[in-house]
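>>> Quick one, what's the 3D model for this:
(one chain, ligands or ions: 1)
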Amino acid sequence: MTKITPEITQKQQEKSLENLVESGQLVDLFSRSISYLRVSVTDQCNLRCIYCTPREIGDKLPCSELLNYEELLRVIKLAVKLGIRKVRLTGGEPLVRKNIISFIRRLAAIDGLDDIRLTTNGVMLAKYAADLFDAGIRKLNISLDTMQRERFAKITGADRFEQVWQGINLAQSLGFSPVKLNMVALRGINDDELVDFARLSLTHALQVRFIEFMPIGDATIWGEERYISSEEIKERISVLGELVPVETARMDGPARIYRFRQAVEDRGSVGFISPISHKFCDQCNRLRLTSEGKLRSCLLSDKETDLKVILRTGGSDDDVKKALVQTILDKPKSHNLFEKEGFNCHGQMSRIGG
Ligand code: SAM
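Below you'll find the predicted structure:
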C-alpha cells in the first residue's frame, strides 16, 4: 500500500482545490458532497436564551464587523457557482437585521439557488411572515423551547410567547411548508414538556424536532447534567404511541424523523437531532458563514477561515472561491468534541447561527 506522506496529501489538496473550483460540484476529502450553506446574517438577537446567548447585550458586534448585504450576495453567488444549492439564513435573529426582506428577494433571484430557508425565534414572524412568503421563502424553522408563557420569559429573558405562537399559526395558515419547531431539551428546565411538544405533531402539521443540548460557547448554562439524549426523549414521548420511522431526503438535514402510528397523514412528525449521541458527521453537507464573515466547516470546531479579510482587501472572485473550497477541503472527518479538554467549543452560537 502507498504510504501517504504529507507531500502527497498537500499535492492532492492542491489538485482537489483546482478541480473543485472548476467542477461546480463540491466534494470534500471524505466524499461528502457539500451543497448547503448556513449564513448568520447578524449576531444580534431579540432574545437572550440561557443556553445560547451571553447575557451581556454590550457583547454584540459593531455593524461594520458584519458582512454587508453586497458582500453576502457576492459570497453566496460564488458559492452557488461552486455547487451550493441550499442556503439557510440564521443569526442571532435574522429578522432583526434591517432590510432583510429586500435582501431575501435578491437572494431568490440568484440563478441556481433552489432553496432558501430561514431559522427564526418567531418573535417577529407575525410581522414578516407574509413578506417572507412573498419573497420566496417556503420552509421555516422556528425555535421554541417551552409552551408556558412564564417559563418562556425565564428561558429567553422576554415575555414573548404569545407573539411566537401567533407567528407559528400565521406561518401555517399562509402555506409555509414544512414548518419545523426546534426544541432544545434541557433537563430540569423544560423536559417536563417533552410529551406536550410531541403531542403537537398529532394536532398540528408541524415537524417537532428535539435537539440535544450541545456544549457551545462560554457563557451558557451548559452542564452534562442538563443534557438529555435523543434515546431518552424518544422513550419518554413514546407514552403517546408507537413511533414509525419516516424516510427523508438528505437535503432535509440530519434529523431522524418519525411519525406516531396513529398520526393522520397530513399531520406532523417528530424528529431527533442528536449531534452528541449519534454523530451524523459522515453525512454532513454543510458549510457555515458566521455573522463576522468567517467560514466554518464544522459547527463544533473553532477552526475558521476569515473571508471578510479577503473581501475587504480587494480579493478577487477566484480568491473567494478558493477560500470556500479550501475550507471544505479542511472539513474534519468528524467533530472531536469528546476529545477536547473541558468538552466545549468556544465559538458563540449567536454568531455561528446554529
Ligand atoms: N434566532 C434564530 C433561532 O432562534 O432559530 C437562529 C439562531 S439560533 C442560534 C439557532 C438554533 O440554535 C436555535 O434552534 C437554538 O435553539 C439552537 N441552539 C442554540 N444554542 C444551542 C446549544 N447549545 N445546543 C443546541 N442547540 C442550540
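>>> what sits against the closest residue to Phe176 other than its chain neighbours?
Using C-beta to C-beta, 6 or more residues apart in numbering and skipping residues adjacent in sequence, the residue nearest Phe176 is Leu140, 5.0 Å away. No exception for glycine: its C-beta is placed from N, CA and C like everyone else's. Applying C-beta atoms under 8 Å, 6 or more residues apart in numbering, we find Leu140 in contact with 117-120, 125, 132, 171, 176, 178-180.
>>> quick one: strands adjacent to the host helix or strand of Leu140?
Element membership for Leu140, per DSSP states H and E: strand 139-143. Sheet pairing of strand 139-143 (DSSP bridges) gives strand 115-120 (parallel), strand 179-185 (parallel).
>>> That one: how far from the chain's middle?
10 Å (C-alpha atoms, centre = their mean, to the nearest Å).
>>> Please apply the same query to stretch 22-37.
Worked out by C-alpha atoms, centre = their mean, stretch 22-37 lies 18 Å from the chain centre.
>>> Going by neighbour count, which residues of it are buried?
26-28, 32, 34-37 (16 or more other C-beta atoms under 10 Å).
>>> of all the residues you listed, which two lie farthest apart?
Pairwise distances among the buried residues of stretch 22-37 were taken by C-beta to C-beta; the largest, 15.3 Å, belongs to Val27 and Leu37.
>>> excluding its backbone neighbours, what's nearest the closest residue to the ligand within the chain?
Using C-beta to the nearest ligand atom, the closest approach of the chain to the ligand is made by Gly354 at 2.8 Å. Spatial nearest neighbour of Gly354, chain neighbours left out: Thr90 (5.7 Å); criterion: C-beta to C-beta, 6+ apart.
>>> what's the neighbour count on the one you found?
Residues near Thr90, counting by other C-beta atoms under 10 Å, number 27.
>>> Dig out what it forms beta bridges with.
Beta-bridge partners, per DSSP bridges, of Thr90: Ser40.
>>> how about it, what does it touch?
Counting by C-beta under 8 Å, 6+ apart, Thr90 has contacts 38-41, 118-119, 353-354.
>>> if we go to 7 Å?
38-40, 119, 353-354 (C-beta atoms under 7 Å, 6 or more residues apart in numbering).
>>> Among those residues, which one has the most neighbours?
Busiest of the contacts of Thr90 [other C-beta under 10 Å] is Ser40, holding 28 neighbours.
>>> Verify the stated contact: that one with Ser291.
Yes: counting by C-beta atoms under 7 Å, Ser40 touches Ser291, with 4.2 Å between them.
>>> And the helices in this structure, which stretches?
6-23, 69-82, 100-108, 125-135, 149-156, 161-174, 194-203, 230-237, 307-312, 317-329, 349-352 (DSSP state H).
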